[in-house]
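Asks: Structure for the following, please:
(chains A and B)
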Amino acid sequence: MGALNLSLHQPNIDLSRYMRRAADGSCGFEVSVKGARCANCIAKIEKGVGAIPGVEAARLNLSTGKLSVVSRGVAPEKILQRVRDIGYEAQPFEAAESLNADEAEGQFLLRCLAVSGFATVFVMGLTDGIWYGTDISDATRQLFFWLAGAVAVPASLYAGQPFFRSAWRGVAARSTNMDIPISLAVLLALGLSIYQAGSHGPHTYFDAAVMLVFLLLIGRYLDFRLRDRARGAARHLLTLQSVLVRRRAPSGDIETVTAREVAPGDLLLIATGDRIPVNGVVEDHATELDLSLVTGEIMPQAVGAGAPIQAGTIVTGRAMMLRATAAVENSLVADLARLLEAGQQTRSAYVRLADRAAALYVPLVFSLSLLALLAWLIAGATLAQAVTNAIAVLIITCPCALGLAVPAVQIVATERLFKRGVFVKSGDALERLAEIDTVIFDKTGTLTAGMPVLHNAQSLPSGILERAARIARASRHPLARAIALAAGDGPAAPDVREVAGAGLETGSGDDIERLGSAAWCGALERDYQLWYRRGAHPPIGFRLQDAIRPDSSALVQSLSRYGLKVEMLSGDNAANVRAVAEEVGIASWFAGVTPQQKAARLQSLREQGRHVLMVGDGINDAAAMALAHVSIAPGTATDISQRASDMVLRGNELSPIAEAFDVARRARRLVLMNFALAAVYNLTAIPMAAMGYVTPLIAAATMAGSSLLVIANALRLAAPRSS
Amino acid sequence: MNGMALIIASALLVGLGALSLLLWALRSRQYEDLDGAAARILLDDD
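Replies: So this is what the prediction gives:
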């Protein structure tokens, strides 16, 4: 169903910019394939695409859903269409340079992880934790120290690069981040150990340095995986601005231009299924428009010659000529894109929990170690002894578990939600979802299915639905599709004629069959949206209305039980909105709301200090969604609102929203608990370190112990709730 | 002492061997598509 919608709403896009040309003349093209899960899918897609003449290689990556195609002289549209024909959703991947940079970052993190993991295991075997209490000669110990140093120093300098770089960026920007104490602890631990080994001291901290790097890299890699998946979601979304349109030049020739080049006064050819690129008026003859993405009204609207049309609506009736009245920059879609950008900027001001913790923790750690240094100097210790103890404080308080506290919980939470059909685009989206106090729903396409569904199938005379469906299957009109869907698969009538604005017709003479408007079928009543008439028999009406999603009211109930305020904003008329609001149990609703008013409503709630979750699917919701504290789009939503949203639902259910909220709140609790655990664990070790009692054995035990505790705590989220 | 030197040297060798094996696997993109690798074993031709 979703795939069908997509192909109908797919704007004409210049796909050549997604092609990458190699030196030998072949073209690389990458396609994001949705829904491929098994060996069978790989075989079907690779064979199907490979069978296109000119395709040299096709390989599907099942983990990322990326199909890489190498071809010569094959139109990218053809490849996309083949994948869609096989039955999967397909979108072109942006062939941007940044993509390779992301891959390189992931590879580098893994290499660092491997190097530090090896060094940790090797060095731990040589440190005094192993021979603790046994008697070894001084020379042997010296040998062990230098061996450990020879492995630990290059390994931690290499694998610590991600932290050193980020710490340096922080210093350069005069801001604190967790990586500053981490980098200092690693470097100081190495320096102190070299000094100790050189001066025949009792302890070295080589193992602490590499272990610190190794444990923190685990957290860093988890965080990267999370962000990488989020980027994958944003990558395959297309830009509305690159839409191509066909324009009639003054000479009468048809030329293809980008929507940006259209000027007011231009004549544009709009085919059935095309999205209107700019505001304009109908030039030649009457047709029908699908406004559902703009206003939320699902019944197609008839428009006559001279009627004004807004950008973003889709032509479902006859192809027509449009006289542009505005450029793209001044059309509805561009207005919304600007609102969207403004909203996303306000959102990027959100400070993540981990950064808030760092802002508290970093000054605390530094002042504590400074305090230890001063106290030892005042107590009369030598400078070397005082510095050693101050560094020990820094090493022991290093936020090893703090670096793991957030990514460990978030990766478990997003993995769990992913299995339930919720795609979380960023880690801080979960943090924001946990803070909401208000939920605002769009109506059409969100609480409802967003398309007409047959409501009176039970009361129809027998056989009528099947007769009507034979005619309906020949048309792509939304009402005809609803009839075809209700009847299921079956034969299509031959020779169906479509009369724009009226309906369908087949047969001839006395046995002529018609499916269409009341006037077309000679009906007098207006209660039904579609009529069927055979010859001289009386016409029979079909009631076609938007269907409320079966789990809408259960969702509203469970959200209210959590104490959240629920509201509905819709562009549809008051009667329709009230009916839906009453059925799903929403007391507070607004009808006839324009996209700008939706955004204004979100803005005023934000100014009142409310944290709003916005759930919407249309072009008209995108700006409001970007202004919301957090937003969710159903999988059937338009590109632009999927881009504006923080989470996207797969499948047709809404109920995962309640679960997402529950998981987000539990994740937040676990993150805070992890912070507390890590802090308590580390802080209890501070007095020991400050007193000079911390041996490398204790340092290693606290570090590994608190990290394990934090990960174990995060895994609790994977278990289903006991209640 | 001699035995210890032998043990340490061999530990280092084995460890470095494993590390370079992992780095080689990373470089030859064997970690790119873990789900795909699991599924492809079921395909007849390939």
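
Asks: Just give me the neighbour total for residue B:19.
Replies: Residue B:19 sits with 18 neighbouring residues when counted by other Cβ atoms under 10 Å in any protein chain shown. Glycine gets a C-beta too; all of them are placed from N, C-alpha and C.

Asks: Please name the nearest non-neighbouring residue to residue A:671.
Replies: residue A:409 (5.0 Å; Cβ to Cβ, 6 or more residues apart in numbering or on different chains).

Asks: Now for that neighbour: which residues touch it?
Replies: A:667, A:670-671, A:674, A:713-714, A:717 (Cβ atoms under 8 Å, 6 or more residues apart in numbering or on different chains).

Asks: in chain B, which spans are helices?
Replies: Taking DSSP state H to define them, one finds helices in chain B at B:2-27, B:34-40.

Asks: Let's have those in a markdown table, adding mean pLDDT.
Replies: Converted to a markdown table, those look like this (pLDDT from 0 to 100):
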| stretch | mean pLDDT |
| --- | --- |
| helix B:2-27 | 87 |
| helix B:34-40 | 83 |
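
Asks: Give me the secondary structure label for residue A:326.
Replies: Three-state secondary structure (criterion: DSSP: H, G, I helix; E, B strand; the rest coil) places residue A:326 in coil.

Asks: residues touching it, list them.
Replies: Contacts of residue A:326 by Cβ under 8 Å, 6+ apart are A:264, A:278-280, A:311.

Asks: quick one: which of those is nearest chain B?
Replies: Among the contacts of residue A:326, residue A:311 lies closest to chain B (Cβ to the nearest Cβ), at 40.3 Å.

Asks: Was I right to think the closest one contacts residue A:268?
Replies: No - using Cβ atoms under 8 Å as the test, residue A:311 is too far from residue A:268 to be in contact (11.2 Å).

Asks: Mutual contacts of these two, please.
Replies: Contacts common to residue A:311 and residue A:268, judged by Cβ under 8 Å, 6+ apart, are A:277-278.

Asks: right, and residue A:544 touches residue A:479 too?
Replies: Yes - look at residue A:544 against residue A:479 with Cβ under 8 Å: they come within range, at 5.8 Å.

Asks: Need the overlap of contacts for those two.
Replies: A:452, A:529-530.

Asks: can you redo those residues as TSV with distance to chain B and pLDDT?
Replies: Formatted as TSV, those follow (distance: Cβ to the nearest Cβ, whole Å; pLDDT from 0 to 100):
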residue	distance to chain B	pLDDT
A:452	39	82
A:529	46	82
A:530	45	88
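
Asks: Looking at these, which are in strands?
Replies: A:452, A:530 (DSSP state E).

Asks: Is the helix or strand containing residue A:213 in proximity to chain B?
Replies: If you go by DSSP states H and E, residue A:213 is part of helix A:206-235. No - Helix A:206-235 does not reach chain B (Cβ under 8 Å from any Cβ of the partner chain); its nearest approach is 11.7 Å.

Asks: Now that helix: buried residues?
Replies: Buried residues in helix A:206-235, counting neighbours by 16 or more other Cβ atoms under 10 Å in any protein chain shown, are found at A:206-227, A:229-230, A:232-233, A:235.

Asks: Show me what it is packed against.
Replies: Counting contacts by 3 or more Cβ pairs under 8 Å, 6 or more residues apart in numbering or on different chains; DSSP states H and E, helix A:206-235 packs against helix A:97-124, helix A:138-159, helix A:161-172, helix A:179-198, helix A:400-419, helix A:427-433, helix A:696-715.

Asks: need the next SSE after the shortest one, C-terminal direction.
Replies: Counting by DSSP H and E, the next helix or strand C-terminal to helix A:427-433 is strand A:438-441.

Asks: Give the partner strands of that following strand in its sheet and their orientations.
Replies: strand A:565-569 (parallel), strand A:612-615 (parallel) (DSSP bridges).

Asks: Looking at it now, give me its mean pLDDT.
Replies: The average pLDDT within strand A:438-441 is 94.

Asks: do the same with stretch A:102-117
Replies: 88.

Asks: Put the alpha carbons of that stretch into PDB.
Replies: In PDB, the C-alpha atoms belonging to stretch A:102-117 read as follows (Å, rounded to 0.1, in the frame of the first residue of the first chain):
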ATOM      1  CA  ASP A 102      31.100   8.600   7.800                       C
ATOM      2  CA  GLU A 103      32.200   5.200   6.700                       C
ATOM      3  CA  ALA A 104      35.800   6.100   7.300                       C
ATOM      4  CA  GLU A 105      35.000   7.400  10.800                       C
ATOM      5  CA  GLY A 106      33.300   4.100  11.600                       C
ATOM      6  CA  GLN A 107      36.300   2.100  10.300                       C
ATOM      7  CA  PHE A 108      38.700   4.300  12.200                       C
ATOM      8  CA  LEU A 109      36.800   3.800  15.500                       C
ATOM      9  CA  LEU A 110      36.800   0.000  14.900                       C
ATOM     10  CA  ARG A 111      40.500   0.000  14.300                       C
ATOM     11  CA  CYS A 112      41.100   2.000  17.500                       C
ATOM     12  CA  LEU A 113      38.900  -0.400  19.400                       C
ATOM     13  CA  ALA A 114      40.900  -3.400  18.100                       C
ATOM     14  CA  VAL A 115      44.300  -1.800  18.900                       C
ATOM     15  CA  SER A 116      43.300  -0.800  22.400                       C
ATOM     16  CA  GLY A 117      41.600  -4.100  23.100                       C
END
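
Asks: Would you mark the buried spots in it?
Replies: A:102, A:106, A:109-117.

Asks: With stretch A:590-610 instead?
Replies: Those would be A:590-591, A:593, A:595, A:598-603, A:605-606, for stretch A:590-610 by 16+ other Cβ under 10 Å.

Asks: tell me the average confidence for that stretch?
Replies: 89.

Asks: and it, how far out from the chain's middle?
Replies: In terms of Cα atoms, centre = their mean, to the nearest Å, the centre of stretch A:590-610 is found 23 Å from the chain centre.

Asks: ok, now stretch A:474-491?
Replies: Computed by Cα atoms, centre = their mean, the separation of stretch A:474-491 from the middle of its chain amounts to 33 Å.

Asks: again with stretch A:445-465
Replies: 33 Å.

Asks: Report the buried residues of that stretch.
Replies: A:445-455, A:460, A:465.

Asks: who in chain B is up against chain A?
Replies: Close to chain A, as judged by Cβ under 8 Å from any Cβ, chain B has residues B:1, B:4, B:8, B:11-12, B:15-16, B:18-19, B:22-23, B:26, B:31-36, B:39-43.

Asks: Residue A:359 in helix, strand or coil?
Replies: helix.

Asks: what are the ranges of the helices in the stretch 501-650 of chain A?
Replies: Counting by DSSP state H, counting those that start in this stretch, the stretch 501-650 of chain A has these helices, from start to end: A:518-521, A:552-561, A:574-584, A:595-607, A:622-627, A:639-644.

Asks: Contacts for the third one next, please.
Replies: Applying Cβ under 8 Å, 6+ apart, the set of residues contacting helix A:574-584 from outside is A:297, A:443, A:447-448, A:546, A:548, A:552-553, A:556, A:568, A:570, A:587, A:589-592.

Asks: now the angle from that helix to helix A:552-561?
Replies: Counting by axes from the mean of the first three to the mean of the last three Cα atoms, to 10 degrees, helix A:574-584 lies at 70 degrees to helix A:552-561.

Asks: same question for helix A:574-584, mean pLDDT?
Replies: 89.

Asks: what's the spacing between that helix and its chain's center?
Replies: For helix A:574-584, the distance to the chain centre is 30 Å (Cα atoms, centre = their mean).
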